[in-house]
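Build me a structure from this.
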Amino acid sequence: MRVLNNATNESRQPVLTGGFAGGGDSEPSLIERIFDLEGQVDRLQSLAKELHHDAQRERRELAIVLQDRVQQLLVGTRMFANCLSGSVREAGDKQLAAQIDDLLEQAIAEVRALSKRLGPLPVCPPPSGVMNRVDTGHG
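Numbers count the residues shown, from 1 in each chain. Now for the predicted structure:
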């Protein structure tokens, strides 16, 4: 960009050339670059939203698998273990059956807590420093 002092410039303001619209240079003008950057910001925001939605879908699917499949398997195993513990006669075996029941109860509680934690992701604000086109009037 060059500043020219033109004797015919009636306002006596310097004339800026190069890098601006109408500068005559072959490189893109500043305004073209701004519009290009805004387009890139739009594309990145769109990709971020898509990624966020994909992550939410994956988390929901994982929560469903944990809740509907793994937890049901653990509950079923615990029921069968309780049936077997009722037929146990020796004190040592009864204690072992009680420990198995306790471990299965803990595993069920862990799966339940994990599937709750895998609920929807919170909506994240855009990163700081990104131009807010609504505030600047470009949207």
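
which residues of the protein fall in strands?
For the chain, the strands defined by DSSP state E occupy 2-4, 15-17.

Would you single out the least confident of those?
Mean pLDDT is lowest for strand 2-4 out of the strands of the chain, coming in at a mean of 44.

What is the lengthiest helix in the chain packed up against?
Scanning the chain for the helix with the most residues, using DSSP state H, yields helix 30-64. For helix 30-64, the elements it packs on are helix 91-117, judged by 3 or more Cβ pairs under 8 Å, 6 or more residues apart in numbering; DSSP states H and E. Bear in mind the C-beta positions are built from the backbone N, C-alpha and C, glycine included.

helices or strands next to the helix it packs on in the packing?
helix 30-64, helix 71-86.

avg pLDDT for that helix?
Computed over helix 91-117, the average pLDDT equals 91.

report the angle between the axes of that helix and helix 71-86?
Calculated by axes from the mean of the first three to the mean of the last three Cα atoms, to 10 degrees, helix 91-117 forms an angle of 170 degrees with helix 71-86.
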